[in-house]
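**Student:** Any chance you could fold what I've pasted below:
(chains A and B)
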Protein chains: 2
Amino acid sequence: MQRIDLAEKFSLFTDRWQPRIVAELNGQHVKIARIQGEFIWHDHPDEDEMFFVVKGAFRMELRDRSVELSQGDMFVVPRGVEHRPVADEECWIMMIEPKGTVNTGAAGGERTVEAEWV
Amino acid sequence: MQRIDLAEKFSLFTDRWQPRIVAELNGQHVKIARIQGEFIWHDHPDEDEMFFVVKGAFRMELRDRSVELSQGDMFVVPRGVEHRPVADEECWIMMIEPKGTVNTGAAGGERTVEAEWV
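**Tutor:** This is a model prediction of the structure:
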């Protein structure tokens, strides 16, 4: 039970698309990640996923449209909805999703990574 | 499924200690509130509560210590832990907690309010 300084947490790593866990509540993990470039199309069959832009901007691509998100914006991707985050420049995001949620969801593949605490 | 601009959401109300719901995921509500002054001591017997400072600063008082939180800081109050938020100047916070969580928890009383969507 201590203060979690997000900027300090981001300073502890530089790799991208590698979510780190910073907090846990009610079966959810709060994760942070640096992202740049395109991720893969995927969905999470049983998990809603919240994105919050801590710094910078990115685009959440959905199958029927794209949503531009910048610092201070939030977006919830409901379970089962295909999405692909794309960032032209490095963006810092915070995510909230159930513990055990896999970054690539049902798609899997080589970009799958396990989130670790930071 | 749309962009949630927190600054725009905060611009829609001015009252304090009146949480507004801005998003829902996995049985949790994401709420925002303007706070200033002292709240009451309370705990939530069955709900962990996450606080994130969107703007300004506040102090989370616990029975054995206080934790100073400023913009970009996060803090999780586990279920059953007594706490009291205090803000010397107006502070904007985001909270995540299970749907139906009451702002005054087990303490109840006149400062109990129902959160509405904004």
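**Student:** pLDDT (mean, whole number) over whatever helix or strand A:Ile21 lives in?
**Tutor:** Assigned by DSSP states H and E, A:Ile21 belongs to strand A:20-25. Strand A:20-25 shows a mean pLDDT of 98 in the predicted model.
**Student:** looking at chain A, which helix or strand does the model trust least?
**Tutor:** strand A:116-117 (a mean of 96; mean pLDDT, DSSP states H and E).
**Student:** Listing partners with orientation, what would you give for that one?
**Tutor:** Here strand A:116-117 has these sheet partners by DSSP bridges: strand A:20-25 (parallel).
**Student:** Only alpha carbons, please: show the strand it pairs with as PDB.
**Tutor:** Listed next in PDB are the C-alpha coordinates belonging to strand A:20-25 (Å, rounded to 0.1, in the frame of the first residue of the first chain):
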ATOM      1  CA  ARG A  20       4.300  -4.000 -16.800                       C
ATOM      2  CA  ILE A  21       2.000  -4.500 -13.900                       C
ATOM      3  CA  VAL A  22       1.900  -1.600 -11.400                       C
ATOM      4  CA  ALA A  23      -1.200  -2.400  -9.300                       C
ATOM      5  CA  GLU A  24      -3.900  -4.900  -8.600                       C
ATOM      6  CA  LEU A  25      -7.500  -4.400  -7.400                       C
END
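**Student:** same for the following helix or strand past that strand, what does it pack against?
**Tutor:** Next helix or strand after strand A:20-25 toward the C-terminus (DSSP H and E): strand A:28-38. Contacts defined by 3 or more C-beta pairs under 8 Å, 6 or more residues apart in numbering or on different chains; DSSP states H and E place strand A:28-38 against helix A:6-10, strand A:20-25, strand A:83-98. Using the backbone N, CA and C atoms, a C-beta is placed for each residue, glycine as well.
**Student:** tilt between strand A:28-38 and strand B:20-25?
**Tutor:** On the basis of axes from the mean of the first three to the mean of the last three C-alpha atoms, to 10 degrees, strand A:28-38 is oriented at 80 degrees to strand B:20-25.
**Student:** Could you tell me the angle between strand A:28-38 and strand A:83-98?
**Tutor:** Per the same axes, to 10 degrees, the angle that strand A:28-38 makes with strand A:83-98 is 160 degrees.
**Student:** what about the helix or strand just after strand A:28-38 and chain B, touching?
**Tutor:** If you walk from strand A:28-38 toward the C-terminus, the next helix or strand you reach (DSSP H and E) is strand A:49-55. Yes - using C-beta under 8 Å from any C-beta of the partner chain, strand A:49-55 reaches chain B at A:Glu49, A:Met50, A:Val54.
**Student:** Please identify the buried residues of strand A:49-55?
**Tutor:** Of all the residues in strand A:49-55, those buried under the rule 16 or more other C-beta atoms under 10 Å in any protein chain shown are A:Glu49, A:Met50, A:Phe51, A:Phe52, A:Val53, A:Val54, A:Lys55.
**Student:** now those residues as CSV including pLDDT?
**Tutor:** Listed next are the buried residues of strand A:49-55 as CSV, based on pLDDT from 0 to 100:
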residue, pLDDT
A:Glu49, 98
A:Met50, 98
A:Phe51, 98
A:Phe52, 98
A:Val53, 98
A:Val54, 97
A:Lys55, 97
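**Student:** Nearest to chain B among those residues?
**Tutor:** Taking C-beta to the nearest C-beta as the measure, chain B sits nearest to A:Met50 out of those, at 5.1 Å.
**Student:** for the spatially closest residue to A:Gly109 that is not a sequence neighbour, what are its contacts?
**Tutor:** Leaving aside its chain neighbours, A:Gly109 sits nearest to A:Ile40 (6.6 Å; criterion: C-beta to C-beta, 6 or more residues apart in numbering or on different chains). By C-beta atoms under 8 Å, 6 or more residues apart in numbering or on different chains, the contact list for A:Ile40 reads A:Arg84, A:Thr104, A:Ala107, A:Gly109, A:Arg111.
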